[in-house]
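# Below: sequence and its predicted model.
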Amino acid sequence: MTYQAPPGAGGRTFIIYCNFEGVGGDLSQFTATGFDPLQNCADTCSNTAGCVSAGFDVTGSNICYMKSQANPMTSDGTRDTIRLPGY
């Protein structure tokens, strides 16, 4: 599955990995908001210099962990990860 950020949010296309977490490369984190918090997480990453991936907490806290790298990825039932193709 993919997500295309709108042009105002950087317009980058992310691949969505359900139940996976990227290890390391932490840039920053924030509580995602809005009707679709995962979309808010992807849009913010798309607009953040150096962000190529983000982990999203699916347990209800809506924490978005923006990252400068996407690998390695590990299985994690509490996270979904978005990342740019090629990372």
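Yes, it's here.
# any weak-confidence spans in the protein?
Scanning the chain with the threshold set as pLDDT under 70 gives 1-3, 5-9.
# What's opposite the residue most central in space within it in the beta bridge?
Geometric centre of the chain, nearest residue: A54, 2.6 Å, by CA atoms, centre = their mean. Taking DSSP bridges as the rule, A54 bridges to M66, I82.
# Now do the helix or strand harbouring T78: everything it contacts.
Mapping T78 onto the secondary structure by DSSP states H and E places it in strand 73-83. With contacts defined as CB atoms under 8 Å, 6 or more residues apart in numbering, strand 73-83 is touched by 3, 14-23, 38, 41-42, 45, 52-59, 70. Backbone N, C-alpha and C define where each C-beta goes, glycine included.
# Sitting in strands, which of the residues you listed do you find?
With DSSP state E as the criterion, strands contain 3, 14-22, 53-57 from among the contacts of strand 73-83.
# got the contact list for L84?
R12, T13, F14, I15, V52, S53, A70.
# What subset of those is buried?
If you count burial by 16 or more other CB atoms under 10 Å, the buried members of the contacts of L84 come out as R12, F14, I15, V52, S53, A70.
# Could you identify the most distant pair in these?
By the measure CB to CB, R12 and A70 form the most distant pair in those, at 13.1 Å.
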